[in-house]
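Undergrad: requesting a structural model of the entry that follows:
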Amino acid sequence: MDEPIIDLHSDAYFMGEALRQAARAYEADEVPVGAVVVRAGRIIARAFNQVELLCDATAHAEMLALTQAEEATGNWRLTDCTLYVTKEPCPMCAGALVHTRVQRVVFGASDPKGGAAGSAMNLLQFPTLNHRCEITAGVREAECRALLVSFFSERRAERKEEARDGPRNGARHSVRNGADPTPSAES
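TA: Take a look at the predicted model:
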């Protein structure tokens, strides 16, 4: 038996590693999403959202982790890899996951507004595409969602304060265009 056994305990462990990455994003004033790529029971890539840091709309945790995993394996095909991510992938990231042929995607918090792994749409298992990813949803969901809810609650409070008092010197940036991509956590 050469393949590692995948069970809920290992899923919880690897999601914990993705949560560590999400905490790094939070500290960097980024939307707190973290991701890790696992191959043969080992983490080969770790990343967190860096859209603001890199001034790059494509610098989502999943995209950065996939690029690292491709470098680590020396191949763009990641057929024997699992991606763990704290928030359900968006359509851009889901497309990249299909194109890199990731075997399995495990996520924490669902995103009913824009999730592309079954909530708003399911690009990971779209019937006409050349690859379909296995999906495991809801791993450590409460922790993943709590981080997002906390982040966006702080941003809303900052926007209210700025509207009342004007921008403070050194204040954290507000989410662009006032959009709040928090998954419907309050529902």
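Undergrad: could you pull out the helices in the chain for me?
TA: 8-27, 51-54, 61-73, 91-99, 141-165 (DSSP state H).
Undergrad: so where's this protein uncertain?
TA: Confidence mapping of the chain against pLDDT under 70 gives the ranges 1-9, 167-187.
Undergrad: quick check: most distant residue from the centroid of it.
TA: Farthest-out residue of the chain from its mean C-alpha position, per C-alpha atoms, centre = their mean: residue 165, at 33.7 Å.
Undergrad: still on that earlier bit, could I get the helices of the chain as TSV with distance to residue 84?
TA: (C-beta placed from N, C-alpha, C; glycine too.) TSV is the format used below for the helices of the chain (distance: least, C-beta to C-beta, whole Å):
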stretch	distance to residue 84
helix 8-27	4
helix 51-54	20
helix 61-73	9
helix 91-99	12
helix 141-165	10
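Undergrad: what's the closest of these to residue 108?
TA: Closest to residue 108 of these is helix 141-165 (C-beta to C-beta; 2.9 Å).
Undergrad: now do that closest one against helix 8-27, angle only.
TA: Put simply, helix 141-165 runs at 10 degrees to helix 8-27, going by axes from the mean of the first three to the mean of the last three C-alpha atoms, to 10 degrees.
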